[in-house]
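[1] sequence and predicted structure below; questions after.
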Amino acid sequence: MIPVIRPPRGVCYRRFMPIALGRLSRRASSSEPAELLLECHDRIRQHMRGAIALSTASADDPAVPATAEAVHRYFSVALPLHSEDEDASVGPRLRATPLTGEAASAVAAMTAQHADIDLALLRLLPMWARLASEPASLSGLRETLVRDTMHFDALWAVHLDLEERIVFPLVTGRLDEATRAEIVREMRARRGTATA
C-alpha cells in the first residue's frame, strides 16, 4: 500500500496530496534564486518518491489514482517551470560570466540533461494519467512503469547532483545581487505568484 501521509498538526498545505510533502522549508520564501531552485529540487525528490511508490504499489491500492494524479500534475505543470527557470533565467546569465573547465561544462550539461529528462517524462506522463483514471491498469503497465521510473530516477540523481554541487554555487558566487533579484522576479512571474 502507498503510504498516505497527512500534514502534522499545525502545518497547513494548500491541498492534500497522497504523497509525503514534508514541511515547507524556509527556502520557499527566500529572495535568493539558488535557494528557490533547491526548494524545487526538494519537490522533485518528493514527487519521485511518489512515482517510485506508485510503480511498486498493488493495483488495488486505493491511493493509486490520487498518487498518479499528483505525480502527473507535478511533472507536467510545475517541472516545466523549473526547467525554464534554469534554461531561460539561470543558464544564459551564467554563460555571460567568464566560466572555464568544470563550471562551463556543468552549465552546458544542465540544459542538455533537461532534454534527456523530458524524453523520459514523455513515456511516463501517459502512464500516470492512465493510472489516475484507471488504477486497475497498473498490473498491465507494471514492467514498463518500473523500468521507466527507475530510468527517470537515475537521470534525476545525476542532474540534481550536478546542479547542487556546481551550478547553484555559481549562481550565488558569480552573479551579482541585482542579477539574482531579476532571476527571482522571473521565477515568480512564471508562476504568477509572489513566491517561486
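    Received it, and whenever you're ready, just let me know what you need. Not measured: the values here are computed from a predicted model.
[2] from here on, just use CA atoms for contacts and neighbour counts.
    Fine.
[3] ok, longest helix in the protein?
    If you go by DSSP state H, the chain has its longest helix at helix 101-133.
[4] name the helices or strands packed onto that one?
    If you count contacts as 3 or more Cα pairs under 8 Å, 6 or more residues apart in numbering; DSSP states H and E, helix 101-133 packs onto helix 64-73, helix 91-95, helix 138-162.
[5] can I get those helices in CSV with mean neighbour count, mean pLDDT and distance to residue 116?
    Shown next, in CSV, are the helices and strands packed on helix 101-133 (neighbours: other Cα atoms under 10 Å; pLDDT from 0 to 100; distance: least, Cα to Cα, whole Å):
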stretch, mean neighbour count, mean pLDDT, distance to residue 116
helix 64-73, 23, 96, 18
helix 91-95, 16, 97, 17
helix 138-162, 16, 97, 8
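[6] and those as TSV, adding distance to residue 36?
    Formatted as TSV, the helices and strands packed on helix 101-133 follow (distance: least, Cα to Cα, whole Å):
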stretch	distance to residue 36
helix 64-73	20
helix 91-95	15
helix 138-162	14
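[7] looking at those, which is closest to residue 188?
    Residue 188 lies closest to helix 91-95 among those, at 17.0 Å (Cα to Cα).
[8] by contact count, what packs against that closest one?
    helix 101-133, helix 168-174.
[9] so for the longest helix of the chain, what gets flagged as buried?
    103-104, 106-111, 113-114, 117-118, 120-121, 124-125, 127-132 (16 or more other Cα atoms under 10 Å).
[10] now stretch 71-82
    Those would be 71, 72, 73, 74, 75, 79, 81, 82, for stretch 71-82 by 16+ other Cα under 10 Å.
[11] that older thread, wait, which of the helices and strands packed on helix 101-133 is closest to residue 177?
    Smallest distance to residue 177 across the helices and strands packed on helix 101-133 (Cα to Cα): 12.5 Å, for helix 91-95.
[12] spit out the contact partners of the residue nearest the centre of the chain.
    In the chain, the centroid-proximal residue (Cα atoms, centre = their mean) is residue 44; its distance is 2.9 Å. Shown in contact with residue 44 (Cα atoms under 8 Å, 6 or more residues apart in numbering): residue 79.
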